[in-house]
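Just need the structure, nothing else, for what follows:
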Amino acid sequence: MKIDVLFFARIREQLGVSRLTAQVEQDITLEQLQLCLAEQHASHWSEVLGGENVVRAVNQVVAENDQVLAEGDEVAFYPPVTGG
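Predicted coordinates for the structure are as follows:
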């Protein structure tokens, strides 16, 4: 199945990509997707995506790592947002 993956702000800068389409197996969790992306790309992807403050969202809603993804979901990785 296909999952759209978006990267924002410093995460986009560190990875050098703003979006990609991941081809993954059915019943994959958000955490498993993150591991797959790290395996398919440069070694620093694991550090960047696994960062303590990285926010993960599925279809524009903040999600936990155990959320199961579905065909066509949009996953976003971004740093915490501060207001002012």
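
Look through the chain and tell me its longest helix.
helix 30-40 (DSSP state H).

chain center to that one: distance?
Distance of helix 30-40 from its chain centroid, counting by CA atoms, centre = their mean, to the nearest Å, is 8 Å.

and if you look at stretch 61-74?
Per CA atoms, centre = their mean, the displacement of stretch 61-74 from the mean C-alpha position of its chain is 9 Å.

Could I have the CA atoms of it written out in PDB?
Below are the C-alpha coordinates for stretch 61-74, written out as PDB (Å, rounded to 0.1, in the frame of the first residue of the first chain):
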ATOM      1  CA  VAL A  61      -3.900  14.400  13.800                       C
ATOM      2  CA  VAL A  62      -1.100  13.800  16.300                       C
ATOM      3  CA  ALA A  63      -0.600  10.000  16.500                       C
ATOM      4  CA  GLU A  64       1.000   7.400  18.800                       C
ATOM      5  CA  ASN A  65       3.700   5.000  17.400                       C
ATOM      6  CA  ASP A  66       1.300   2.000  17.600                       C
ATOM      7  CA  GLN A  67      -1.300   3.500  15.200                       C
ATOM      8  CA  VAL A  68      -1.900   1.200  12.300                       C
ATOM      9  CA  LEU A  69      -1.700   2.900   8.900                       C
ATOM     10  CA  ALA A  70      -4.100   2.500   6.000                       C
ATOM     11  CA  GLU A  71      -3.800   2.900   2.200                       C
ATOM     12  CA  GLY A  72      -3.600   6.600   1.300                       C
ATOM     13  CA  ASP A  73      -2.800   7.900   4.800                       C
ATOM     14  CA  GLU A  74      -0.700  11.000   5.100                       C
END
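
Flag every buried residue along it.
Burial within stretch 61-74, assessed by neighbour count using 16 or more other CB atoms under 10 Å, is assigned to 63, 67, 69, 73. Bear in mind the C-beta positions are built from the backbone N, C-alpha and C, glycine included.

Just the local confidence number for the last one, please.
You'll see residue 73 listed with a pLDDT of 97.

Who are the contact partners of it?
For residue 73, the set of contacting residues under the criterion of CB atoms under 8 Å, 6 or more residues apart in numbering consists of 3-4, 58-59.

do the same with the second one
With contacts defined as CB under 8 Å, 6+ apart, residue 67 is in contact with 29-30, 58.
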